[in-house]
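S.K.: the sequence and its predicted three-dimensional model are supplied below.
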Amino acid sequence: MRQLPIRFKITLWFTAALLVMFLSSYLLVRYLEHQGLQKNIRDNLVETVEHNVDEVEFYTNMDNIDLYNETDYFSVYRNGYLEIDDDFLDQVNEVYTGLYSTDMVLLYGENPVSRNTATLPFSDSKIQRVKEKGILYYIYDRKLTAKGLEGLWLRGVVSEQQGLEHILQVTRLSLQILPLLVLVSAIGGYFLTKKMLKPIQEISNSAAKIGTGDDLKQRISLAPGNDELHQLARSFNQMFERLENAFEKERQFTSDASHELRTPVSVITAQCEFTLEKPRTGEEYENALETILRQSKKMSRLINDMLDYIRLEMRAESYKKETIDLTELVESLCFDMALIKEKDIVLSWEVEKNICFSGSRLLLSRLLTNLISNAYRYGKEEGHIFVCLKRREHQITLSVSDDGIGIAQEEQLKIFQRFYQADTSHSGSGTGLGLSMADQIVRFHKGSIRVESALGKGSTFYIFFME
């Protein structure tokens, strides 16, 4: 059973349920029909006997009766005569009626179970039951009370099998139609289930293609619809799209990282090979070691930046948010970084008091450090860096400005990409991940970042946070 296709299982359970429903319905109808039929039999018995009560009359003499033209039956009774209608006591709808005396002597009519009812006492206007040869019979007695009819009884008898043939016909017809209905329903259910499960098959095929190949662009294509299976297909397509984006980012990151690491590794390898070609002077060895150390530090910074970037991109939940005094954080960082005085650049700041924000202290420190470091790196000799923190209504604005070399308009959209450096003359001092990391940190805090810059005039980076 477990190995069967799901559409076959559904069809099997559907057919079984349908069969149970049909059988239950048939048995219920059969039961209700039997009950209704028995009631009709009893009602017919009572109606027939009650009708025959008026068909028996008593005459003291027969002087005014033309016996030659009379079709009714006449019988002597006590000091007079009984007239019994010619239709009376005939078998009507399988109901037999007999005329009895008080001592249970059959005077006229028929009784198919007379032997079993010979000792059954009369009971006026009540239905009694007797059995003969396994068949149930209903008995209905009626006492005659008209003048001259004292001491006479009418007894009606009818079998419960009066409508048996009708029930048997219904049963035979049901047993012929029922299997056909179940078969047609099962076949229709199978094809309907197959059609309904087609989206699941499409999902399975698409997932298999993605799982066994490199085609992450594969999508589930279904006809328009909005049922549960179409919603499932759309969810899978969204998941496939996220997978494709994640793999593409991973592939691009791996390619970029390999490219960035290749340069320092190549320099170190070349420097070692060159130095070992022949004996060198102490100064030459010292220069070689300085070159190797410089490139090693660059690799170390690059690896550390890449690890931080991956951690933020893939495991952002590891950075816990807390309420931070942003004013104190910016002031302390600016104070520390003002001591660098690289290129004799002066760092100044203007910070509004009592600005608090919910975020990661570590990441926000990294954000501001990256922006100020970039300002130092690309600033001009004896230039200026200005940091500003302010609040306007529910928006917090943090800006870092410099009067350095600036960024060309066509490159301003690229500077937040990983490993991108607008000015290659300064590439030796950076890893190309600073602004990309800054962008990720801002996104983590549900904020936005933008740059305003002009070549030769400097740049200003604006960060916006909502309280």
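M.R.: On my side now, so go ahead. Residues are numbered from 1 along each chain as shown.

S.K.: residue ranges with poor pLDDT in the stretch 201-350 of the chain?
M.R.: Scanning the stretch 201-350 of the chain for pLDDT under 70 picks out 210-216, 222-223, 249-261, 263, 301-302, 305-306, 308-317.

S.K.: at 80 instead, please
M.R.: Scanning the stretch 201-350 of the chain for pLDDT under 80 picks out the ranges 201-234, 236-237, 239-264, 267, 295, 297-319.

S.K.: what segments of it are strands?
M.R.: 322-325, 346-351 (DSSP state E, counting those that start in this stretch).

S.K.: with the stretch 351-467 of the chain instead?
M.R.: Under DSSP E, counting those that start in this stretch, the stretch 351-467 of the chain gives strands at 356-359, 384-392, 395-402, 448-454, 458-466.

S.K.: which of the strands of the stretch 201-350 of the chain is buried the deepest?
M.R.: Per-stretch averages of neighbours, counted by mean count of other Cβ atoms under 10 Å, single out strand 346-351 among those, with a mean of 16. Every residue, glycine included, has its C-beta placed from N, CA and C.

S.K.: which residue ranges of the stretch 201-350 of the chain form helices?
M.R.: 228-276, 282-314, 326-337 (DSSP state H, counting those that start in this stretch).

S.K.: that older thread, would CSV of the strands of the stretch 351-467 of the chain with mean neighbour count, mean pLDDT and distance to T102 be doable?
M.R.: Shown next, in CSV, are the strands of the stretch 351-467 of the chain (neighbours: other Cβ atoms under 10 Å; pLDDT from 0 to 100; distance: least, Cβ to Cβ, whole Å):
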stretch, mean neighbour count, mean pLDDT, distance to T102
strand 356-359, 18, 92, 107
strand 384-392, 18, 94, 117
strand 395-402, 20, 94, 113
strand 448-454, 15, 91, 113
strand 458-466, 19, 93, 108
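
S.K.: I'd like these as a markdown table, with distance to N64 appended.
M.R.: What follows is the strands of the stretch 351-467 of the chain, written out as a markdown table (distance: least, Cβ to Cβ, whole Å):
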| stretch | distance to N64 |
| --- | --- |
| strand 356-359 | 121 |
| strand 384-392 | 127 |
| strand 395-402 | 123 |
| strand 448-454 | 123 |
| strand 458-466 | 119 |
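
S.K.: closest to S365 out of those strands?
M.R.: Nearest to S365, of all the strands of the stretch 351-467 of the chain, is strand 356-359, at 10.3 Å by Cβ to Cβ.

S.K.: what strands line up against that closest one, and which way round?
M.R.: strand 322-325 (antiparallel) (DSSP bridges).

S.K.: off-centre distance for the strand it pairs with?
M.R.: 41 Å (Cα atoms, centre = their mean, to the nearest Å).

S.K.: quick one: contacts of it?
M.R.: Residues from elsewhere that reach strand 322-325 (Cβ atoms under 8 Å, 6 or more residues apart in numbering): I355, C356, F357, S358, G359, S360, R361, L364.

S.K.: hang on, the fourth one packs against K321?
M.R.: Looking back up the chat, that one is S358. Yes - using Cβ atoms under 8 Å, S358 is in contact with K321, at 5.3 Å.

S.K.: quick one: which of the helices of the stretch 201-350 of the chain is nearest V105?
M.R.: Of all those, helix 228-276 comes closest under Cβ to Cβ, at 80.0 Å.

S.K.: so E47 sits in a helix?
M.R.: Yes - using DSSP: H, G, I helix; E, B strand; the rest coil, the secondary structure at E47 is a helix.

S.K.: how much space between it and V95?
M.R.: 9 Å (Cβ to Cβ, to the nearest Å).

S.K.: out of those two, which sits in the busier spot?
M.R.: Of the pair E47 and V95, V95 is the one with more neighbours under other Cβ atoms under 10 Å, namely 22 against 15.

S.K.: go ahead and flag the most central residue of this structure.
M.R.: For the chain, E228 is the residue whose C-alpha lies nearest the centre (Cα atoms, centre = their mean; 5.8 Å).

S.K.: and that one, what does it touch?
M.R.: By Cβ under 8 Å, 6+ apart, E228 has no neighbours at all.

S.K.: from L12, how far off is it?
M.R.: Counting by Cβ to Cβ, the gap from E228 to L12 is 22 Å.

S.K.: which of the contacts of strand 322-325 sit farthest apart?
M.R.: Within these, two members stand farthest from each other by Cβ to Cβ: I355 and S360, at 16.2 Å.

S.K.: K298 contacts V265, doesn't it?
M.R.: No - between K298 and V265 there is no contact under Cβ under 8 Å: 10.3 Å.

S.K.: tell me which of the two has more neighbours.
M.R.: K298 (21 against 14).
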